[in-house]
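Participant: model the structure of this input:
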Amino acid sequence: MIRTLAFRLLLTVALGILGCLIVFVPATARSTPAASPTPVRTPSTPPPQSGPEAEDRVSITFVSDQQHNGAAAWSDATGNLRTQTHVPLLQRDSQSGLWSATLVFTRHSPDAPLHAVFRSGGRFARCEVRVNDRLVAEDSAHGDHPTSTCQPNTNEK
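Facilitator: You can find the predicted model right below:
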């Protein structure tokens, strides 16, 4: 019996380590090597241009009159659909009484889809999508468990 418990403990630890490696190694693989020199800008060097190769800082904000809500779905940094049920909003605005949470990520391709849907657990739902601090989509909905949908125009990239 002790061997069985020891084996189960070892297996649990091994699977936990494997899970951590699967989750965290791809994130660290994108970091720049330490030997990469930092470019030095001189007065004659023009500032970096924002072109198709530029990365976008995306923030998606969900707002509700309730802290605990229904579900949310959004496009992640690579354009894949992510979902979450029972969405808790952790920040509360004392003046309006509304709860909010913001997802922030870097989108590596301006062609990656960018969408957000949020269902409130109360009577008010809002979503906002910003790219490089510029509002590109927003939607508000009222009613019993309303759903807000944010989808930027295809011309907005």
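Participant: for Gln67, what are its contacts?
Facilitator: 88-90, 92, 99 (Cβ atoms under 8 Å, 6 or more residues apart in numbering). Placement of C-beta: from N, CA and C, glycine included.
Participant: next, format these as CSV and append pLDDT and secondary structure.
Facilitator: What follows is those, written out as CSV (pLDDT from 0 to 100; DSSP: H, G, I helix; E, B strand; the rest coil):
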residue, pLDDT, secondary structure
Pro88, 94, strand
Leu89, 96, coil
Leu90, 95, coil
Arg92, 96, strand
Trp99, 97, strand
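Participant: list only buried entries from those residues.
Facilitator: Buried subset of the contacts of Gln67 (neighbour count, 16 or more other Cβ atoms under 10 Å): 89, 99.
Participant: okay, now the unreliable bits of the protein?
Facilitator: Scanning the chain with the threshold set as pLDDT under 70 gives 7, 10-53, 154-157.
Participant: in a markdown table: the contacts of Gln67, plus distance to Ala141.
Facilitator: Shown next, in a markdown table, are the contacts of Gln67 (distance: Cβ to Cβ, whole Å):
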| residue | distance to Ala141 |
| --- | --- |
| Pro88 | 19 |
| Leu89 | 15 |
| Leu90 | 21 |
| Arg92 | 20 |
| Trp99 | 15 |
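Participant: so which of the contacts of Gln67 is the closest to Val136?
Facilitator: Using Cβ to Cβ, the shortest approach to Val136 within the contacts of Gln67 belongs to Leu89, at 21.4 Å.
Participant: for that closest one, which residues are in contact?
Facilitator: By Cβ under 8 Å, 6+ apart, the neighbours of Leu89 are 62-64, 66-69, 99-101.
Participant: repeat that for Trp99.
Facilitator: By Cβ under 8 Å, 6+ apart, the residues touching Trp99 are 63-67, 89-93.
Participant: now, which of the residues you listed sits nearest Asp139?
Facilitator: Using Cβ to Cβ, the contacts of Trp99 come closest to Asp139 at Val63, 10.6 Å.
Participant: contacts only, for that closest one.
Facilitator: Residues counted as contacts of Val63 (Cβ under 8 Å, 6+ apart) are 89, 98-100, 124-128.
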